[in-house]
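1. The amino acid sequence is not available; the structure is as follows:
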């Protein structure tokens with residue numbers, strides 16, 4: 001597995017910079033932010049393997065952030081918190097946090113837990129649906145073993161659809177996940193135009209009878225053949 005891409009969301013500047021330095025020394029690709037809003041925007045923009053999330057942020061809580069992120073991403077999350085209560089840990093796990101560590105914590109223990117979670121994801125580096133295979137490490141897509149050339153945006157759109165296969169995604173959900181939330185350079189036809197382009201590259205016919213089906217008045221759904 002290629003070195004993982006890590007996002008640190010922590011308002012303690014010294015701790016954040018210390019963690020970043022240590023992880024980069026281990027070969028990880030690391031980004032860091034200090035607020036809830038910055039964290040959500042960065043998760044939308046980046047294809048992260050893991051998020052290290054502080055429970056208490058200047059503009060909200062880690063619980064709130066995790067609840068919002070789980071609406072559009074399955075990224076692994078370890079919550080770091082000074083609030084050492086059983087109820088907080090239960091709440092975090094119910095929201096989809098992969099692990100929970102109380103401050104102060106051992107850096108060695110944190111790294112060991114990160115490796116355990118990341119190693120558990122190696123079997124999912126390939127996302128397969130019917131004849132379509134997505135190589136999440138190489139950001140490549142194949143149909144029946146033959147590579148399909150996609151733009152970065154088309155790749156992200158396809159991955160989001162397949163990760164949520166058999167679930168209807170509204171145009172708003174797709175816009176929020178694939179494009180910046182401020183809507184720059186986005187109009188009402190953006191999703192449908194890009195869905196059409198993706199269909200042409202993936203499917204033999206483009207009538208909507210292939211993988212990507214239109215749900216009239218709502219959005220789109222990925223259905224396996």
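-> Thanks, I have it. Because the structure is predicted, anything quoted here is derived from the model rather than measured.

2. Now do the strands in this protein.
-> 5-9, 29-33, 50-54, 56-57, 60-61, 76-81, 99-102, 126-129, 132-135, 140-143, 146-148, 169-170, 212-215, 219-222 (DSSP state E).

3. Partner strands of the third one and their direction?
-> Strands flanking strand 50-54 in the sheet, each with its direction: strand 5-9 (parallel), strand 76-81 (parallel) (DSSP bridges).

4. next one: the fifth one
-> Strand partners for strand 60-61, identified by DSSP bridges, are recorded as strand 56-57 (antiparallel).

5. Now the most centrally placed residue in the chain: closest residue in space, sequence neighbours ignored.
-> The residue lying closest to the centre of the chain (C-alpha atoms, centre = their mean) is residue 73, at 4.0 Å. Leaving out its chain neighbours, the residue that sits closest to residue 73 by C-beta to C-beta, 6 or more residues apart in numbering is residue 43, at 5.8 Å. Using the backbone N, CA and C atoms, a C-beta is placed for each residue, glycine as well.

6. For that neighbour, which residues are in contact?
-> Shown in contact with residue 43 (C-beta atoms under 8 Å, 6 or more residues apart in numbering): 7, 51, 69, 73, 75.

7. and if you look at residue 217?
-> So residue 217 contacts nothing (C-beta under 8 Å, 6+ apart).

8. Distance check, it against residue 170.
-> Relative to residue 170, residue 217 is positioned 10 Å away (C-beta to C-beta, to the nearest Å).

9. Mutual contacts of these two, please.
-> The contact sets of residue 217 and residue 170 do not overlap (C-beta under 8 Å, 6+ apart).

10. Look up how far residue 148 lies from residue 133.
-> Going from residue 133 to residue 148 by C-beta to C-beta gives 10 Å.
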